[in-house]
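S.K.: build me a model:
(one chain, ligands or ions: 1)
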Amino acid sequence: MQRQILFRCPRTGTNVQHRFDDERPEGAGPADSYVPVRCPACMSLHFVNSTTGRLLNEPGAQPGSTPRSA
Ligand SMILES: [Zn+2]
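M.R.: Below you'll find the model as predicted:
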């Protein structure tokens with residue numbers, strides 16, 4: 001089972017694509033599981049939600065401010 005997520009590095013602002021090589025069946029773990037991902041942009045670890053691709057403590061997650069840069 002492979003899943004790809006896209007997250008934005010909070011340090012460099014670079015969009016980083018990460019692929020999980022996950023052997024667990026779908027729905028085996030908790031829905032909100034943050035996993036450490038080695039960021040190729042800043043070479044440090046970010047905690048990323050394996051389901052939504054959202055970063056832990058993401059600055060843009062506050063209600064009221066939803067900057068959409070699509
Ligand atoms: Zn980073």
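S.K.: wait, does the helix or strand of the chain with the lowest mean pLDDT contact the ion?
M.R.: One helix or strand of the chain scores below all others by mean pLDDT, DSSP states H and E: strand 2-8, with a mean of 84. No: for strand 2-8, no contact with the ion is found by C-beta under 5 Å from the ion; the gap never falls below 8.7 Å. C-beta here means a position set from N, CA and C on the backbone, and glycine is covered the same way.
S.K.: so residue 6 bridges to which residues?
M.R.: residue 17 (DSSP bridges).
S.K.: my guess is it meets residue 52, correct?
M.R.: No: with contact defined as C-beta atoms under 8 Å, residue 6 does not count as touching residue 52 (10.5 Å).
S.K.: and the protein, which of its residues are near the ion?
M.R.: 9, 11, 39, 41-42.
S.K.: out of the residues you listed, which is nearest to residue 19?
M.R.: Using C-beta to C-beta, residue 39 comes nearest to residue 19 of those, at 13.6 Å.
S.K.: gap between the residue nearest to residue 12 when sequence neighbours are not counted and residue 14?
M.R.: Counting by C-beta to C-beta, 6 or more residues apart in numbering, residue 41 is the residue found nearest to residue 12 once chain neighbours are left out, at 4.5 Å. Separation of residue 41 from residue 14 (C-beta to C-beta, to the nearest Å) stands at 4 Å.
S.K.: check residue 51 too.
M.R.: 22 Å.
S.K.: which of the two has more residues huddled nearby?
M.R.: Neighbour comparison, residue 51 and residue 14: the larger count goes to residue 51, with 16 against 13 (by other C-beta atoms under 10 Å).
S.K.: hang on, the more buried one packs against residue 34?
M.R.: No: counting by C-beta under 8 Å, residue 51 sits too far from residue 34 to count as a contact (9.6 Å).
S.K.: so for residue 39, what's the pLDDT?
M.R.: As predicted, residue 39 sits at a pLDDT of 94.
S.K.: that one reaches residue 48, doesn't it?
M.R.: No: distance between residue 39 and residue 48: 9.1 Å, which falls outside the contact criterion (C-beta under 8 Å).
S.K.: noted, bye for now.
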